[in-house]
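# Got a sequence here, can you build the structure:
(chains A and B)
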Amino acid sequence: MTLADLNLVWPELMLAGGALLLLMVGAFRGKGGPAFDGLAMLVLLAAGVAAVLGGEGRGFAGGLIADNLSSFAKVAIYAASALAIPLGGGWLRARGDDKFEFPVLILLAALGMGMMASAGDLISLYVGIELHSLALYVLAAFRRDDARSSEAGLKYFVLGALSSGLLLYGASLIYGFAGSTHFDVIAASIQGQAHTGLLFGLVFLICGLAFKVSAAPFHMWTPDVYEGAPTPVVGFFAGAPKMAAMVLLARVLSEGFGTTVAQWHSIIVIVALASVFVGAFAGLAQKNLKRLWAYSSIANIGYALLGLAAGGEVGMQAMLMFMVLYMVDVTGFFACLGALQRGGKPMETVDDMAGLFKEQPGIALAMTAFALSALGLPPFSGFFAKVFVFKAALGAGLVWPAVLALVGSVVAAAYYLRLIKVMWFDPSTGPVETPPLTAKTIAIGAALFSFPVGLIALHWLEPLALAASAAFG
Amino acid sequence: MIPLQTIAFYLMSTVTIAAGLAVVFARNPVHSVLFLITAFFSAAGLFVLMGAEFLAMLLVVVYVGAVAVLFLFVVMMLDVDFSRLREGFSRYLPIGGVVAGILTIEMIMVATMVATQGAAKASAGPDASGGADVTNAEAIGRVLYTDYVYFFQAAGMVLLVAMIGAIVLTLRHKPGVKRQNIAAQNARTPATGMTIVDIKPGEGISE
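Below is the predicted model of the structure:
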């Protein structure tokens, strides 16, 4: 280690130091509060700035890579984490369950996700995954007196531990057959035909990562965990961790196994299509909105994986654009969902949304925007996200997968449209409580990004994503 | 004459494999944990044969001393109904058998590939040997805070999250718990520690 290495880890150092400091402050004060949440958000903001301004290169014997891709992913991840803090803090405070550990755990999860985004070694890959996963398990079970929240945390933990086991088994096989844990050394050790043992390890590694992004057929935990976990925490789950895991998957596959594309390409295409169809068809039967959005997130990960399968600079750019635009949608949607209450009870099913437009037109309009954007209707941002993915897939010759994914997207339209119909045209069943200001601001902001701010933002987001994916040309 | 090391290797690997199988097949989970400890011990012996004494000692201290004993406690505290556990066995046997069969065939294939072609050629990672006169504890110490400092510190953060999680999910502040306050005890004076009660005849003391 040299001092030059330290120059690359400023975001990580800030997050770790900030988390420790806030933990001490919280432990001595005994409680959090809006000011405490604000400090945690400042730490994330500072880490995001450091990720942009910090040096580039490889540090710590190749364990950490700071490049355009990692800064792009880190800014998106830290921004989503920063938004989760006031949303979750306000939501928990309203239910008397707030603890000062909540923002600290979000900071530590963001630290783990940042490590994943800049991992250059199987060890930092695994440690990053474990760091963010452990924090997420605790966040899922954060309302420990609520039986469903505890169930969600336990399910997530047990299945997450299983997937970590698969991933670690794969990593140990790769280490055994390649002789190193560094991605570039692994790539260099593959000459001509890759060793069967190495591919065996790669399949296990992909299985473990597919679990983390909840891609079919490793999606079974998603609906149950999303249904039970606190609503703002679900909004966090569906965005930032998936971005981190997708970037990690992209990096492992292209840097570590870039020379054996033929071996993993078909796996990614099949996983992508399976996710699109599971998400589309299973979502049709859902009544609970959190479960519905869990299937929607499975389907959306399918499109992102399709972008990854397209490969190259264009495919990577499509994947990054898709994930960022999807993160905005999902954050906004769960901000709305967490803010809505009717007669003291949270509105969580599709039928609960009846007549929302008459009661809370602002929130109903925002939710309509998110549903239409997730459906991929122009001129909402989700349409452009899908255009990028399909363009990349067609450019890479994946015509049939693209057509099938389009069919899945049409099927999924049914549940988004049903939600909109219930909100706009069904008779109201009673007055809806006024949503908290923070949640409403974030929801409206995200809806405005979805249309029309996103269209303007695309002009600078596109070259940034292209610069980030330049390494994968 | 077979070298002593070869005899020790075969003896300990046989014990490891047999104990590993016994962990899975033992009916009583307490026996499973005891077999697990046996497996750890013989694996530690294998480490010694490879010249990794430090890892061997760690395996005994951490896994046998802490993890396995923790398992034992958990298993003994769990109220598991063993007859119900075995109920689904025949139902899941076909699909379980197919999966196990596929895995076994794949592993045999990988193992034969290794036997014929060999695994990694040479390790390209950081050189941890550091010369012949360095003990392996020293070799680990040399890279732990240099080449691997990033991973080492990150692993520390993982443990911190585990600790925060355990506290968040289980700690409850009960009101009305009496705790010792030494400063208050030392500062006690007759005036604060004593009250003079004037008891009228025939009435006694009330609260």
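
# Which positions in the host helix or strand of residue A:78 come out as buried?
Assigned by DSSP states H and E, residue A:78 belongs to helix A:68-94. By neighbour count, with 16 or more other C-beta atoms under 10 Å in any protein chain shown as the criterion, the buried positions of helix A:68-94 are A:68-93. In short, each C-beta sits where N, CA and C put it, glycine included.

# pLDDT of that helix, averaged?
The predicted model assigns helix A:68-94 a mean pLDDT of 93.

# next helix or strand past that helix?
Per DSSP H and E, the helix or strand that comes after helix A:68-94 is helix A:101-117.

# Could you figure out how far that next one is turned away from helix A:68-94?
Orientation of helix A:101-117 against helix A:68-94 (axes from the mean of the first three to the mean of the last three C-alpha atoms, to 10 degrees) gives an angle of 160 degrees.

# which helices and strands sit right next to helix A:101-117?
In this structure, helix A:101-117 makes packing contacts with helix A:10-29, helix A:34-53, helix A:68-94, helix A:122-140, helix A:231-251, helix B:149-170, judged by 3 or more C-beta pairs under 8 Å, 6 or more residues apart in numbering or on different chains; DSSP states H and E.

# want to throw those helices into CSV with distance to residue B:76?
Supplementary listing: the helices and strands packed on helix A:101-117 in CSV, determined by distance: least, C-beta to C-beta, whole Å:
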stretch, distance to residue B:76
helix A:10-29, 34
helix A:34-53, 41
helix A:68-94, 37
helix A:122-140, 25
helix A:231-251, 35
helix B:149-170, 20
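
# got the angle for the helix holding residue A:78 vs helix A:231-251?
With the same axes, to 10 degrees as the criterion, the two stretches helix A:68-94 and helix A:231-251 enclose an angle of 170 degrees.

# So helix A:68-94, near chain B or not?
No: counting by C-beta under 8 Å from any C-beta of the partner chain, no contacts exist between helix A:68-94 and chain B, the nearest distance being 11.6 Å.

# other SSEs contacting that helix?
Contact here means 3+ C-beta pairs under 8 Å, 6+ apart; on that basis helix A:68-94 packs against helix A:34-53, helix A:101-117, helix A:231-251, helix A:312-339, helix A:437-448, helix A:454-468.

# Against residue A:128, how distant is the closest residue to residue A:18 other than its chain neighbours?
The shortest distance from residue A:18 to any residue that is not its chain neighbour, by C-beta to C-beta, 6 or more residues apart in numbering or on different chains, is 3.3 Å, and that residue is residue A:43. When distances are taken as C-beta to C-beta, to the nearest Å, residue A:43 and residue A:128 turn out to be 18 Å apart.

# is the longest helix anywhere in chain A up against chain B anywhere?
For chain A, the helix reaching the highest residue count under DSSP state H is reported as helix A:147-178. Yes: interface with chain B: helix A:147-178 contributes A:153, A:173, A:176-178 (C-beta under 8 Å from any C-beta).

# Report the buried residues of that helix.
Those would be A:149-153, A:155-157, A:159-160, A:163-164, A:166-171, A:173-178, for helix A:147-178 by 16+ other C-beta under 10 Å.

# cool, and stretch A:357-374?
Taking 16+ other C-beta under 10 Å as the neighbour-count basis, stretch A:357-374 is seen to contain the buried residues A:357, A:359-360, A:363-374.

# Show residues contacting it.
Here stretch A:357-374 makes contact (C-beta atoms under 8 Å, 6 or more residues apart in numbering or on different chains) with A:296, A:300, A:325-326, A:329-330, A:332-333, A:336, A:339-340, A:353, A:356, A:380-383, A:416-417, A:419-420, A:423-424, A:428, A:431-432, A:434-435, A:440, A:443-444, A:446-447, A:450-451.

# what about it, average pLDDT?
91.

# do stretch A:136-153 as well
If you average the per-residue pLDDT over stretch A:136-153, you get 93.

# And for stretch A:436-456?
89.

# and what of stretch A:231-238?
Averaged across stretch A:231-238, pLDDT comes to 94.

# Quick check: the gap between the residue in the stretch 151-300 of chain A that chain B sits nearest to and residue A:212.
In the stretch 151-300 of chain A, the residue that lies nearest chain B is residue A:179 (3.1 Å; C-beta to the nearest C-beta). Applying C-beta to C-beta, the value for residue A:179 to residue A:212 is 26 Å.

# and if you look at residue B:156?
For residue B:156 relative to residue A:212 (C-beta to C-beta), the value is 22 Å.

# Pick out whichever of those two has more residues nearby.
Each of residue B:156 and residue A:212 has its neighbours counted (other C-beta atoms under 10 Å in any protein chain shown); residue A:212 has more, 24 against 11.

# ok, that one - contacts?
When contacts are taken as C-beta under 8 Å, 6+ apart, residue A:212 is in contact with A:129, A:133, A:163, A:241-242, A:245.

# In terms of distance to residue B:177, which of those residues ranks first?
residue A:133 (34.5 Å; C-beta to C-beta).

# doesn't residue A:159 make contact with that closest one?
No: between residue A:133 and residue A:159 there is no contact, the gap being 10.6 Å when judged by C-beta atoms under 8 Å.

# hmm, back to that, report the inter-axis angle for the longest helix of chain A versus helix A:231-251.
10 degrees.

# Just name whatever secondary elements helix A:147-178 is in contact with.
The criterion is 3+ C-beta pairs under 8 Å, 6+ apart, and the helices and strands that helix A:147-178 contacts are helix A:122-140, helix A:183-189, helix A:196-212, helix A:221-228.

# just these: most buried one?
Greatest average neighbour count among the helices and strands packed on helix A:147-178 goes to helix A:122-140 (a mean of 26), per mean count of other C-beta atoms under 10 Å in any protein chain shown.

# Can you check what angle separates that one from helix A:196-212?
20 degrees.

# got the CA coordinates for helix A:122-140 in CSV?
As requested, the backbone C-alpha atoms of helix A:122-140 are provided in CSV (Å, rounded to 0.1, in the frame of the first residue of the first chain):
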residue,chain,number,x,y,z
LEU,A,122,-12.7,-11.7,-6.0
ILE,A,123,-11.9,-10.8,-2.4
SER,A,124,-13.2,-7.2,-2.7
LEU,A,125,-16.1,-8.6,-4.7
TYR,A,126,-17.1,-10.9,-1.8
VAL,A,127,-16.4,-8.5,1.0
GLY,A,128,-18.4,-5.7,-0.7
ILE,A,129,-21.3,-8.1,-1.3
GLU,A,130,-21.3,-9.3,2.3
LEU,A,131,-20.9,-5.8,3.7
HIS,A,132,-24.0,-4.4,1.8
SER,A,133,-26.0,-7.6,2.2
LEU,A,134,-25.6,-7.8,6.0
ALA,A,135,-26.7,-4.2,6.3
LEU,A,136,-29.7,-4.9,4.1
TYR,A,137,-30.8,-7.9,6.1
VAL,A,138,-30.9,-5.8,9.2
LEU,A,139,-32.8,-3.0,7.4
ALA,A,140,-35.4,-5.6,6.2
